[in-house]
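[1] Curious how this folds, go ahead:
(4 chains)
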2 protein chains.
Amino acid sequence: MTDQSTETKSRIMEVARVLFANNGFDGTSVREIARLAEVNVASVNYHFAGKEKLFHEILLKGHADCSADIQSMALAGANLEDVLVEIFRYFQTKSHDLLSHFKMMMSTDQKIVPAGEDMGPPGGKAIVEIIIKETGKNVTEEDLHWALKSLFSHTIHMSLMYNCCFKNNAVPYSSREDIEKGIRRLTRIVLKELKV
Amino acid sequence: MTDQSTETKSRIMEVARVLFANNGFDGTSVREIARLAEVNVASVNYHFAGKEKLFHEILLKGHADCSADIQSMALAGANLEDVLVEIFRYFQTKSHDLLSHFKMMMSTDQKIVPAGEDMGPPGGKAIVEIIIKETGKNVTEEDLHWALKSLFSHTIHMSLMYNCCFKNNAVPYSSREDIEKGIRRLTRIVLKELKV
DNA sequence: GTCTATAAATAGATAGAC
DNA sequence: GTCTATCTATTTATAGAC
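    Here you go, the predicted model:
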């Protein structure tokens, strides 16, 4: 593969990622991707085997990138509270990716999101490690799964809501500061529950 | 408006709701709606002012219906644990509506989801009433918002995940029973936190 | 109000020259 | 690998008869 080919391929992926995020799969045309990426229409079908394969490849890459980011946040963070707040802030800076990823996951179209592929909580293992570090080794696997799901679902859901319907609305106790306070408070009581 | 007209209009809405839920806005054609609703293609544009207005009307109706359903569950339920589990089960039976509604909310296309419209947690007020009933009158407004958001976000997020990517995958501790146990456990510690 | 017919635009994909 | 040109199919929307 030549340098020009690699460059063309990655430029298509970058542009398509943004367009899919904003307009969905059906709302994005290959022609628009080609126009904004400044490549020829035919090259999209040349480098990827059609529009769906392109979409799928972007989805997998997005999940892998997010997992890596969260893993390094988890390794560098001081404690679980801080890490979860940092993840919440991270999703603010990646709101388009986050929203597009969930829209893709929520697509019931199995041809686009193949069953069986790893689409679980990104960086989940690294977060579980922190929980173990903060609660001791005596927690059961069931406890760990419950804590991970409880904390991650809240963090993710608040990230999603904060970036769509609640973003421009004046909802009480839904400012960025209030959400972060809420994440911290929830983290504390979940960890406390695991210690008893 | 004649009886035939009312019938045609509601049949269009019912069919379109299912199609939008399954295939999204762009993935649904007016022709398909008309075909399945057994009405003429032109009548969709006659009864609604175009495809977008139809979509919008369905979105508002879905939120109102869901609010009413949750409100009656909240009024009839014995306690908060039971009500939240019941809401989780309710969303299993309405998975298409749930997914479509969130995909709509997560759409950044302002022409479809107008800013400023009430798209907050459906039945939120009724759930807050239960929390007050179970914790006493001394909880602050901030406490109530935190508890509502913590519990609702988990319930909703688990409902969403259980109906898409995790549905057919064998994820440990993610069966319907495990999720319900998790919701109950989280509810108990949140209520306990509000009582101290 | 409902129908047929059609306008006008756009889509994904590919063949074949270079 | 990239280009132009084009095929085939589908879309939303509307005009006009009934």
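[2] how deep is the residue nearest to A:Asn79 when sequence neighbours are not counted tucked in, by neighbour count?
    Excluding its sequence neighbours, the residue lying closest to A:Asn79 (C-beta to C-beta, 6 or more residues apart in numbering or on different chains) is A:Glu134, at 6.6 Å. Bear in mind the C-beta positions are built from the backbone N, C-alpha and C, glycine included. For A:Glu134, the count of nearby residues is 16 (other C-beta atoms under 10 Å in any protein chain shown).
[3] Next: A:Thr6.
    Neighbour count for A:Thr6, taken as other C-beta under 10 Å: 11.
[4] on that earlier part again, thinking the residue nearest to A:Asn79 is in contact with A:Leu191, fair?
    Yes: if you go by C-beta atoms under 8 Å, A:Glu134 and A:Leu191 touch, sitting 5.9 Å apart.
[5] Show me whatever sits in contact with both of these two.
    A:Leu80 (C-beta atoms under 8 Å, 6 or more residues apart in numbering or on different chains).
[6] Now do the contacts for the residue nearest to A:Asn79.
    A:Glu134 neighbours (C-beta under 8 Å, 6+ apart): A:79-80, A:191.
[7] what does A:Glu129 give?
    A:Ala74.
[8] Which helix or which strand is home to it?
    For A:Glu129, the host element (DSSP states H and E) is helix A:124-135.
[9] May I see the buried residues of the helix or strand where A:Trp146 lies?
    If you go by DSSP H and E, A:Trp146 is part of helix A:141-162. Neighbour-count burial for helix A:141-162, counted by 16 or more other C-beta atoms under 10 Å in any protein chain shown, picks out A:143-162.
[10] wait, does whichever helix or strand comes after that helix make contact with chain B?
    As assigned by DSSP H and E, the chain's next helix or strand after helix A:141-162 is helix A:176-195. Yes: using C-beta under 8 Å from any C-beta of the partner chain, helix A:176-195 reaches chain B at A:178, A:181-182, A:185-186, A:189-190, A:192-193.
[11] In helix A:176-195, which residues are buried?
    Neighbour counts over helix A:176-195 (16+ other C-beta under 10 Å) mark A:178-180, A:182-183, A:185-187, A:189-191, A:193-194 as buried.
[12] could you say what helices and strands it packs with?
    Where contact means 3 or more C-beta pairs under 8 Å, 6 or more residues apart in numbering or on different chains; DSSP states H and E, helix A:176-195 is packed against helix A:80-93, helix A:124-135, helix A:141-162, helix B:141-162, helix B:176-195.
[13] mind putting the ones you listed in a markdown table, distance to B:Asp3 and mean pLDDT included?
    Formatted as a markdown table, these follow (distance: least, C-beta to C-beta, whole Å; pLDDT from 0 to 100):
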| stretch | distance to B:Asp3 | mean pLDDT |
| --- | --- | --- |
| helix A:80-93 | 50 | 98 |
| helix A:124-135 | 55 | 96 |
| helix A:141-162 | 41 | 96 |
| helix B:141-162 | 37 | 96 |
| helix B:176-195 | 43 | 97 |
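[14] Which positions in chain A make contact with DNA strand D?
    A:1-2, A:4-5, A:8, A:39-43, A:46-47 (C-beta under 7 Å from any atom of the strand).
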